[in-house]
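> Model the structure of this input:
(chains A and B)
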Amino acid sequence: DAGVIQSPRHEVTEMGQEVTLRCKPISGHNSLFWYRQTMMRGLELLIYFNNNVPIDDSGMPEDRFSAKMPNASFSTLKIQPSEPRDSAVYFCASRSGGRYGYTFGSGTRLTVV
Amino acid sequence: AQTVTQSQPEMSVQEAETVTLSCTYDTSESNYYLFWYKQPPSRQMILVIRQEAYKQQNATENRFSVNFQKAAKSFSLKISDSQLGDTAMYFCAFMHYFGNEKLTFGTGTRLTIIP
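From the prediction side, this is the model:
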């Protein structure tokens, strides 16, 4: 099992540019989560999907952020346009349900200059 | 809304000693899950240990064990025979038993193991 795979590992972009983060969950896991980690706010849930359907997107900060899960093996988080305050580490995680916790990807460190 | 509090921002301990990290939480539910995650400098989030609230027995995973006090809403992590590789941020987290699968994290404790 390759685990949760995120790409890219690092992303540096200029303010105003579109950024797309990608995630491949563990096969058979039916829930997928996007978290953001910053020094000021810690780990925050942005959105999560169950069986490819968005369940809770209350953490998505504003309309500049969007997330999709077109199938069970792929999800994207898009920021358009990006701003310096979006700089953070973005984690994707998946879960099989029941008593099990999340398995996290390695994260994408986003820097917006 | 559930809240998770970790009151120790930083801790340090000598190698081979035992250390306990504190966590308290607030919920009106009777069934839920609690977790400890470790984040080493590599930034990978690693599940350390899990506790189901309906189980009275404290969870144990090798050198890691918890002291789960349901009435006090306390969930501390004990690391025995600490090793240099235990140096990391440790996050306590809460999840509902039914419904929303959101993990609510505490602010973390930075643990340093001193050689």
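> Would you mind listing what in chain B touches chain A?
For chain B, the contact set with chain A under Cβ under 8 Å from any Cβ of the partner chain comprises B:33, B:35, B:37, B:42-47, B:50, B:52, B:91, B:93, B:95, B:100-108. To be clear about C-beta, it is placed using only N, CA and C from the backbone, and glycine gets the same treatment.
> Excluding sequence neighbours, find me the nearest residue to B:F35.
Counting by Cβ to Cβ, 6 or more residues apart in numbering or on different chains, B:F35 lies nearest to B:A93, which is 4.5 Å off, once chain neighbours are set aside.
> Counting neighbours, which of the residues of chain B next to chain A end up buried?
B:33, B:35, B:37, B:43-45, B:47, B:50, B:91, B:93, B:95, B:101-108 (16 or more other Cβ atoms under 10 Å in any protein chain shown).
> Closest to the centroid, which residue in chain B?
Centroid check for chain B by Cα atoms, centre = their mean gives B:W36 as the closest residue, at 3.3 Å.
> Residue of chain A closest to chain B, please.
Using Cβ to the nearest Cβ, the single residue of chain A nearest to chain B is A:F104, 3.8 Å away.
> That residue against B:M45, yeah?
Yes - applying Cβ atoms under 8 Å as the test, A:F104 and B:M45 come out as touching, 3.8 Å apart.
> Next, find the distance separating the closest residue to A:N71 other than its chain neighbours from A:S58.
Using Cβ to Cβ, 6+ apart and skipping the chain neighbours, the partner closest in space to A:N71 is A:N52 (6.6 Å). Distance, A:N52 to A:S58, using Cβ to Cβ, to the nearest Å: 19 Å.
> Those two: which is more packed in?
Neighbour tally, A:N52 and A:S58, criterion other Cβ atoms under 10 Å in any protein chain shown: the higher count belongs to A:N52, 15 against 10.
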